[in-house]
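> predicted model follows, preceded by the sequence.
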Amino acid sequence: MKGGKRQEKRDKGAAEGKLTRGPAGCQEASCGTLSFYDDLGNRLSTIRMGRMPESKKETLKQSIKNHLNKVLEQKPGLTLVKVADGAKDNWTYLSSDLPEGHEIIDFYHAAEHLKKAFDLSYGENSPKAKEKFKTYRHILKEETGGIDKVIKALAYQHKKHPRRSKLKTELEYFRKNSLRMKYVEHLSKSLPIGSGVIEAACKTLVTQRMKCSGMRWRNPGGQGILTLRSLIQSDWFDKGWRLLSVTYRAKISGHNGNVIPFPNKVDP
């Protein structure tokens, strides 16, 4: 960020004896998506939203809520599915602020936690860890009651290694989110279990355009870029441009030789 006090943060970290490498002076943009699927689980379209850094993502959350409410006013019979990783703030918002619907932990984030748990149990990337991860990844996704079997296996490992606090953390992750990991049930209803759409939005809205070498942004300029890219990627550019062109239109009066008026269109 421009004005992100990059050097000051690095100097402060060095004075406190902390490592000075890393994204000092950077802040986190946020993205949200609202996707539509048919009865077979095929994605039909997606509304993409991007916001510059903001405390608690208030504007993004309100935008998602407003879009969703408009959709449900027109189509109240739609099935609502909420997919996200396990971040606490995500589920505080998705569960409390949005209408009731299916809540699903992104399967691929869950698999990453499962791999970490078995790495902690048997050694990182050891043959045994890889074998157990492959087996229980399949169980979690393909078997009825798979989450219960995963929790039982990790509880056994934690009992064997009670002093491995990070293993306990992974076990608690699955226990806390168990009701959101009924993947066989979700798939039987053709519900999405992955957050690939939002991951792609983060990449195409923000990363590809705004994280190029040497780039620095302030909130107004960055938000202008994100708004236009969101409109384009949601196939809303023409509608959005009509609103923007009215809002920012200025009347030019007089003629001093520097202004050349467009000729009036003549209908054929």
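Right, received. Where do you want to start? Numbers count the residues shown, from 1 in each chain.
> roughly how far does residue 161 sit from residue 117?
Using Cβ to Cβ, to the nearest Å, one gets 11 Å for the distance from residue 161 to residue 117. Yep, even glycine has a C-beta here, placed from its N, CA and C like the rest.
> of these two, who's got more company?
The residue with more neighbours, out of residue 161 and residue 117, is residue 117; 28 against 13, by other Cβ atoms under 10 Å.
> please name the nearest non-neighbouring residue to that one.
If you skip the residues right next to it in sequence, residue 117 has residue 170 as its closest partner in space, 3.9 Å away by Cβ to Cβ, 6 or more residues apart in numbering.
> which strands and helices sit next to whatever helix or strand that neighbour lives in?
Assigning secondary structure by DSSP states H and E places residue 170 in helix 165-176. When contacts are defined as 3 or more Cβ pairs under 8 Å, 6 or more residues apart in numbering; DSSP states H and E, helix 165-176 packs onto helix 107-122, helix 146-160.
> SS state for the residue nearest to residue 84 when sequence neighbours are not counted?
Sequence neighbours aside, residue 90 is the residue nearest to residue 84 in space, at 4.2 Å (criterion: Cβ to Cβ, 6+ apart). Of the three states, residue 90 takes helix according to DSSP: H, G, I helix; E, B strand; the rest coil.
> and what of residue 48?
Of the three states, residue 48 takes strand under three-state DSSP.
> do the same with residue 33
Here residue 33 is recorded as strand under three-state DSSP.
> look up how far residue 67 lies from it.
Using Cβ to Cβ, one gets 10 Å for the distance from residue 33 to residue 67.
> tell me which of these two has more neighbours.
residue 33 (23 against 16).
> contacts only, for that one.
Counting by Cβ atoms under 8 Å, 6 or more residues apart in numbering, residue 33 makes contact with 46-49, 197-198, 201.
> how far away is residue 133 from residue 147?
Relative to residue 147, and taking Cβ to Cβ, residue 133 is found at 15 Å.
> now do the helices in the chain.
Listed in chain order, the helices found in the chain under DSSP state H are 6-15, 58-74, 88-96, 107-122, 127-142, 146-160, 165-176, 183-188, 196-201, 208-210, 219-233, 237-247.
> right, so those: which one is the most enclosed?
Among the helices of the chain, ranked by average contacts under mean count of other Cβ atoms under 10 Å, first place goes to helix 107-122 (a mean of 20).
> packing partners for that helix?
Under the contact rule (3+ Cβ pairs under 8 Å, 6+ apart), helix 107-122 is packed against helix 127-142, helix 146-160, helix 165-176.
> intersection of neighbour lists for residue 33 and residue 67?
With contacts defined as Cβ under 8 Å, 6+ apart, the residues adjacent to both residue 33 and residue 67 are 47, 49.
> gap between stretch 161-175 and the chain center?
Stretch 161-175 has its C-alpha centroid displaced from the chain centroid by 25 Å (Cα atoms, centre = their mean, to the nearest Å).
> what is the mean pLDDT for it?
Within the predicted structure, the mean pLDDT of stretch 161-175 is 97.
> contacts for it, please.
Contact partners of stretch 161-175, identified using Cβ under 8 Å, 6+ apart, comprise 86, 110, 113-114, 116-117, 120-121, 147, 150-151, 154-155, 157-158, 181.
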